[in-house]
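Asker: Sequence and predicted structure are below.
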Amino acid sequence: MNKIKAFLKRKDIEISAKRYGIEALSAMAQGLFASLLVGTILSTIGTQLHVEFLETIGGFASAVKGPAMAIAIGYALKSPPLVLFSLAAVGYAADDLGGAGGPLAVLLITIIAAELGKAVSKETKLDILVTPCTVIISGCLLSMALAPYIGKAASLAGNAIMWATELQPFFMGIIVSVVVGIALTLPISSAAICAALGLTGLAGGAALAGCCAQMVGFAVMSFRENKWGGLVSQGLGTSMLQMGNIVKNPRIWIPPTLASAITGPIATCIFKLQMNGPAVSSGMGTCGLVGQIGVYTGWINDIASGAKSAISAFDIAGLILISFILPAILTWVFSLILRKIGWIKENDLKLDV
């Protein structure tokens, strides 16, 4: 047992929830962002402005989402170069065979293939052949054997959530908004979770509402401590910056979470806000306005398919209210109450920005 532990330590193979459930998952979201999400944005801009080369470039970027996710995961797992580069084939296979649940298949299979590659890396004189062959063969075989089932399971789970949201938009609006919003602020990736489950439609709208409540909420309620730098870094960056303060005083998490519990059902029941763009956008909130761009992309796609006649003023008002105005007002009001009763004290929300 000691020899195995020593070997794993030497190879930097850390079997832990932190390494796989936080670091790898977060990296996967970045890979997805740098491929599919950016590609979708460029394609949308190209389509709307009739700039053909942007549409083409967007298509190229979107097409490599599998390899991009796998390489990002391998990077998070601290894979050596030969392992890292070989993961491109694994990511392509897992994403392609995983179908709608491809991101989850990529995550699970890439982790296994990367760790196997790290285990054999530089252990033989034929490393240039042994390492990439180990990674590619193991990853592709696992993809052929497991990816369709992983993808189907993820798709079923996502469809069940979306079906439940359609059936019970009020209660599921609260649940999805609160849970995904909390995931966004935690050091895990709400975007990767939404992508893995293929969370779109009304459920995607509720997820977006929850993420916006956290980001805009923390940005506004901490303005007195962090001023404009904090407003931008949290409102357009990430509310995860507050995790250190949350650990010190968990009560600061109450206002944005209550706001998400309110904006979620408003999104699903009143504005019928749907995320019909890329599922990963559902978990991005206001980060770079990716969530809002995703909703707009969905509107354009719906118009093109005939599912929607036009973008109405009600649609735009709903998106602005759910994304910015309601989270800001609700969180600010709740935070004032908590400050008044002493649950939130001066500098509890202070960031080093």
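Answerer: Looks like it came in fine.

Asker: On the three-state scheme, the residue with the largest distance to the centre of the chain is what?
Answerer: Residue farthest from the centre of the chain, counting by C-alpha atoms, centre = their mean, is K125 at 40.4 Å. Following DSSP: H, G, I helix; E, B strand; the rest coil, K125 is assigned to coil.

Asker: measure it to Q292 for me?
Answerer: According to C-beta to C-beta, to the nearest Å, K125 stands 54 Å off from Q292. For every residue, glycine as well, the C-beta is placed using N, CA and C.

Asker: residues in contact with the residue lying closest to T124 once chain neighbours are set aside?
Answerer: Of all residues not flanking T124 in the chain, V130 sits nearest, at 5.1 Å (C-beta to C-beta, 6 or more residues apart in numbering). Contact analysis of V130 by C-beta atoms under 8 Å, 6 or more residues apart in numbering lists 120, 123-124.

Asker: What segments of the stretch 251-353 of the chain are helices?
Answerer: 254-265, 290-305, 313-320, 326-340 (DSSP state H, counting those that start in this stretch).

Asker: Now the shortest one: buried residues?
Answerer: Across helix 313-320, burial judged by 16 or more other C-beta atoms under 10 Å covers 315, 318-319.

Asker: out of these, who's nearest C211?
Answerer: Using C-beta to C-beta, L319 comes nearest to C211 of the buried residues of helix 313-320, at 13.4 Å.

Asker: hang on, the closest one packs against Q292?
Answerer: Yes. The criterion here is C-beta atoms under 8 Å, and L319 meets it with Q292 at 6.2 Å.

Asker: gap between stretch 271-281 and the chain center?
Answerer: Distance of stretch 271-281 from its chain centroid, counting by C-alpha atoms, centre = their mean, to the nearest Å, is 13 Å.

Asker: From one end of it to the other, what's the distance?
Answerer: End-to-end span of stretch 271-281 (C-alpha to C-alpha, to the nearest Å): 18 Å.

Asker: Number of residues surrounding L54?
Answerer: Neighbours of L54 under the rule other C-beta atoms under 10 Å: 18.

Asker: my read: it touches I45, true?
Answerer: Yes. Counting by C-beta under 8 Å, L54 touches I45, with 5.6 Å between them.

Asker: Quick check: what element follows the helix or strand of the chain with the lowest mean pLDDT along the chain?
Answerer: Using mean pLDDT, DSSP states H and E, the weakest-scoring helix or strand in the chain turns out to be helix 38-49, at a mean of 82. Going down the chain from helix 38-49, the next helix or strand is helix 52-63, by DSSP states H and E.

Asker: what about whichever helix or strand comes after that following helix, distance to the chain center?
Answerer: Using DSSP H and E, the next helix or strand after helix 52-63 towards the C-terminus is helix 65-76. Remark: helix 65-76 is offset 14 Å from the chain centroid, using C-alpha atoms, centre = their mean.

Asker: do the same with stretch 145-159
Answerer: Distance, centroid of stretch 145-159 to centroid of chain: 18 Å (C-alpha atoms, centre = their mean).

Asker: Same question for stretch 290-307.
Answerer: Centroid separation for stretch 290-307 versus its chain: 19 Å, with C-alpha atoms, centre = their mean.

Asker: Please renumber the chain so that the first residue is 632 from this point on.
Answerer: Taking 632 as the first residue, the last one we looked at is stretch 921-938.

Asker: Now it - C-alpha only, CSV.
Answerer: Extracted in CSV, the C-alpha atoms of stretch 921-938 (Å, rounded to 0.1, in the frame of the first residue of the first chain):
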residue,chain,number,x,y,z
VAL,A,921,-22.6,35.3,-21.8
GLY,A,922,-25.9,34.2,-20.2
GLN,A,923,-27.8,37.1,-21.9
ILE,A,924,-26.1,36.5,-25.2
GLY,A,925,-27.1,32.8,-24.9
VAL,A,926,-30.8,33.8,-24.4
TYR,A,927,-30.5,36.2,-27.4
THR,A,928,-28.9,33.4,-29.5
GLY,A,929,-31.9,31.2,-28.6
TRP,A,930,-34.3,33.8,-29.7
ILE,A,931,-32.6,34.1,-33.1
ASN,A,932,-32.5,30.3,-33.5
ASP,A,933,-36.2,30.1,-32.6
ILE,A,934,-37.1,32.8,-35.1
ALA,A,935,-35.1,31.0,-37.8
SER,A,936,-36.9,27.7,-37.1
GLY,A,937,-40.3,29.4,-37.0
ALA,A,938,-40.9,28.6,-33.3
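
Asker: what residues does it touch?
Answerer: Contact with stretch 921-938 is made by 664, 668, 671-672, 675, 678-679, 831, 836, 839, 842-843, 904-909, 911-913, 915-917, 939-942, 946, 950, 954, as judged by C-beta under 8 Å, 6+ apart.

Asker: just to revisit the earlier point, and among the helices of the stretch 882-984 of the chain, the most buried is which?
Answerer: Among the helices of the stretch 882-984 of the chain, helix 885-896 has the highest mean neighbour count (mean count of other C-beta atoms under 10 Å), at a mean of 25.

Asker: and that helix, what does it pack onto?
Answerer: Secondary-structure packing of helix 885-896 (3 or more C-beta pairs under 8 Å, 6 or more residues apart in numbering; DSSP states H and E): helix 800-816, helix 832-852, helix 957-971.

Asker: which residues does the most centrally placed residue in the chain contact?
Answerer: The geometric centre of the chain, computed from its C-alpha atoms, lies nearest to A822 (C-alpha atoms, centre = their mean), at 0.9 Å. The contact partners of A822, by C-beta under 8 Å, 6+ apart, come to 660, 663-664, 815, 911-915.

Asker: farthest-separated two in those residues?
Answerer: L663 and L815 (14.9 Å).
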